[in-house]
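Novice: Fold the following for me, if possible:
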Amino acid sequence: KKTDAKKATKAEPSDVEKAVDIPSVPSKSAKSKANGAPLEEKKTDAKKVKKIISSYVEKAVHIHSLPARSAKNKANGAPPQEKKPAAKKAKTVVNNIASLVNGSDPRSFVRKRVAKDFDGDTYYGTVMEYDDTEPPAYWHAEYDDGDEEDYSKKDLIKALKYYEIKGKNDTNKSNKKS
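Specialist: Numbers count the residues shown, from 1 in each chain. You can find the predicted model right below:
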């Protein structure tokens, strides 16, 4: 009956305890030592295993940097993938256009190509003049199809940025009107 009670109180090892392969500690009982009998393996009980595991966990420094897996990859059994540091964004001309317009002579944008989206179609044009005789100052643009438009500083920045993105499709790049 005592053995049944011991079995009932013996805790089942947790998944962590099963995963950690802790070797059993060999020892000789007093009878074994006297008889020269082989070593008996002494089983480590659950409390000792938990204590050992918790000490390993406390000492673990890089637990937080383990590779991450998505739920989908975990379900498929895919190995963890290392996270790559985010790439630095390259500074492009598009990002610098606003500072260029704000820090340059406004007349320096005359004869520059611009682009604008009208109802899903891209139209290209050229800045023909800068007029600051009356406030607010503006840049006058003529489109390749004959339309004309006056740009505020904000509009000019938008049109120059859009040209940087779509300008590779401009068939009249050399069509700078004088």
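Novice: how about the CA coordinates for the helix or strand harbouring V127, as PDB?
Specialist: Counting by DSSP states H and E, the element that carries V127 is strand 121-131. Provided in PDB are the C-alpha atoms of strand 121-131 (Å, rounded to 0.1, in the frame of the first residue of the first chain):
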ATOM      1  CA  ASP A 121      -3.300  59.000 -66.600                       C
ATOM      2  CA  THR A 122       0.200  60.600 -66.200                       C
ATOM      3  CA  TYR A 123       0.800  63.900 -68.100                       C
ATOM      4  CA  TYR A 124       4.200  65.400 -68.500                       C
ATOM      5  CA  GLY A 125       5.100  69.000 -68.800                       C
ATOM      6  CA  THR A 126       7.800  71.700 -68.400                       C
ATOM      7  CA  VAL A 127       8.000  74.600 -65.900                       C
ATOM      8  CA  MET A 128       8.100  77.600 -68.200                       C
ATOM      9  CA  GLU A 129       8.500  80.500 -65.800                       C
ATOM     10  CA  TYR A 130       8.500  81.700 -62.200                       C
ATOM     11  CA  ASP A 131       6.400  84.700 -61.400                       C
END
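Novice: Could you pull out the buried residues of that strand?
Specialist: Of the residues in strand 121-131, those buried under the neighbour-count criterion (16 or more other CB atoms under 10 Å) are Y123, Y124, G125, T126, V127, Y130. (Glycine included, C-beta is placed from N, CA and C.)
Novice: Pretty sure the second one sits against D170.
Specialist: Yes: counting by CB atoms under 8 Å, a contact exists between Y124 and D170, whose distance comes to 4.8 Å.
Novice: shared neighbours, these two?
Specialist: Shared contacts of Y124 and D170 (CB atoms under 8 Å, 6 or more residues apart in numbering): R113, A115, Y163.
Novice: contacts for stretch 150-158?
Specialist: For stretch 150-158, the surrounding residues in contact (CB under 8 Å, 6+ apart) are 97-98, 101-102, 109, 114, 116, 127, 136-141, 159.
Novice: swap the cut-off to 7 Å and go again
Specialist: Contacts with stretch 150-158, where a contact means CB atoms under 7 Å, 6 or more residues apart in numbering, come from I97, A98, V101, F109, P136, Y138, W139, H140, A141, A159.
Novice: Spatially nearest residue to the second one (excluding sequence neighbours)?
Specialist: Looking back up the chat, that one is A98. Nearest residue to A98, sequence neighbours excluded (CB to CB, 6 or more residues apart in numbering): I157, at 5.1 Å.
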